[in-house]
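[1] After the sequence you'll find the predicted model.
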Amino acid sequence: MAEPLTTTSREAWAQWIAPETLLSQVRNTAPYLQARLPAPEPGRLIELGGTPDGFLRILASWENIRRPDLQHGEQLQDYFALCLSCHHATVASFVPTDVDTKIRGIAWRETPDAEMLKPMLRLALDARGWSQEGITTRSVRGVSGLNGEHWSAIAGGLGRMLELGDRASAEEAQAAIEAEIDREQAVFDQVAAERDGELDLLRLSMVLAHNRGDLTQGMGFWKKTPVTLPLMEHLATRGRFAVAVRMYQDTGLSAEGHRHYPLRPAKALRRSPATLLPLCPFLDDWGAVVAKLEENDEVLAALVLGCQKLKGQQGYYRAIAGMYRASSSAFDRAASRMPNATQRLLRAAEMRKLIEVPRVSFESMMRKRARASLAKKPLAADGRG
């Protein structure tokens, strides 16, 4: 890691997270990405993102942002590219980089020059094609939370381009968002029509509810004007995903959350993409994987404490059940290494009761909840809201 820059007033990121800090955060939460980085390339970061591995190319060449010949606007573009890449690389990890507001709004508002913003919008559009392999396990039927993260950045650019009067750029951004809304809704509808597709439908309901929130947050940076307000209402309606969101709420999935703060102390979970957390609450298989870690006692302790902190969630109980069923003897050894207070929590009657629910029984219950929600009266004539 290079020595930190001495921040000067000319640096576009002077009031934000320094590039060096961003890279250190990526290495902290996803150290396995280091081996995937290509050789550094010369040139502008904003120009390196047009391939499936574009975010890795940008991360590998991040020091180019320090070139002394870059003007303030060019630094802004390259900083946006770096933030977008860090976000893609870590948003599904245990400790994501905190750049959401930069890529959704703040960076877009740093200049009134639409021409300066056009390369940023082009990168945000290209980022839809970035590989998700080894980045997330929260994906189902080709739909993931990263799709929502990307359209929230595109939405930030869309609102700013409208404000600056660049209709052509705004229309391209809007078309991209609407196409993704249609794609995700079509996948949900297809799975809803499948026999025995309930578990994937539940996973999709969680992803679509998350993505709807990201779109709303991206539009939250828009100035409310006679030009933007009708489009905000239009996209909020188009991206409502009413049936999916209702299922997300009806079935208890809304209690699962997506930040998973209780698991952050277990640093062993960050060493490999194999331990990235899948979509909750279906964590039995993941529990079997983490049971094999040398530090499985740390993971078990984090899960036990998480059960206490996140009321109503079920995923951590399923993960503990998966750990136990992978090897009861290894589970007992891990439990014996936990602090005494945590051991007592694990032995509590309610905890044991929930852990001992067979996987097939739990999943059968969730399937019934999905079918019951789907059978409710449609929220609108087309059943979508």
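    Cool, got the structure.
[2] Which strands or helices does the helix or strand hosting Gln77 pack on?
    Using DSSP states H and E, Gln77 maps to helix 72-90. Helices and strands touching helix 72-90, by 3 or more Cβ pairs under 8 Å, 6 or more residues apart in numbering; DSSP states H and E, are helix 19-29, helix 54-60, helix 114-126, helix 145-164. Where C-beta positions appear, they are placed from N, C-alpha and C, glycine not excepted.
[3] can you state the direction angle for the following helix or strand past the longest one and helix 145-164?
    Per DSSP H and E, helix 145-164 leads on to helix 167-192 as the next helix or strand towards the C-terminus. Between helix 167-192 and helix 145-164, the angle formed by their directions is 150 degrees, by axes from the mean of the first three to the mean of the last three Cα atoms, to 10 degrees.
[4] and Glu41, how many neighbours does it have?
    As a burial measure, Glu41 scores 14 neighbours (other Cβ atoms under 10 Å).
[5] shift numbering so it begins at 34
    Right, with 34 as the first residue, what we last looked at is Glu74.
[6] In terms of pLDDT, where does the residue nearest to Ala114 when sequence neighbours are not counted sit?
    Leaving out its chain neighbours, the residue that sits closest to Ala114 by Cβ to Cβ, 6 or more residues apart in numbering is Leu78, at 4.1 Å. For Leu78, the pLDDT comes out at 98.
[7] what about Leu78, how many residues close to it?
    So Leu78, with other Cβ under 10 Å, has 30 neighbours.
[8] mind listing what it touches?
    Ile91, Ser94, Trp95, Asn97, Ile98, Gln110, Asp111, Ala114, Leu115 (Cβ atoms under 8 Å, 6 or more residues apart in numbering).
[9] From Ala405, how far out is the fourth one?
    What that stands for is Asn97. Distance of Asn97 to Ala405, given as Cβ to Cβ, to the nearest Å: 54 Å.
[10] Look at the two and report which has more neighbours.
    Just comparing Asn97 and Ala405: by other Cβ under 10 Å the higher neighbour count belongs to Asn97, 22 against 12.
[11] thinking the more buried one is in contact with Ile79, fair?
    No. When contacts are counted by Cβ atoms under 8 Å, Asn97 is not listed as touching Ile79 (10.0 Å).
[12] what residues are shared contacts of those two?
    Joint contacts of Asn97 and Ile79 (Cβ under 8 Å, 6+ apart) are Asp111.
[13] and Glu166, how many neighbours?
    11.
[14] Next, it: phi, psi?
    Taking degrees, to the nearest 10, you get phi -70, psi 130 for the backbone angles of Glu166.
[15] for Val176, same thing?
    Dihedral angles for Val176 - degrees, to the nearest 10 - are phi -120, psi 130.
[16] Quick check: beta-bridge partners of it?
    Val173 (DSSP bridges).
[17] Right, I'll call it a day here.
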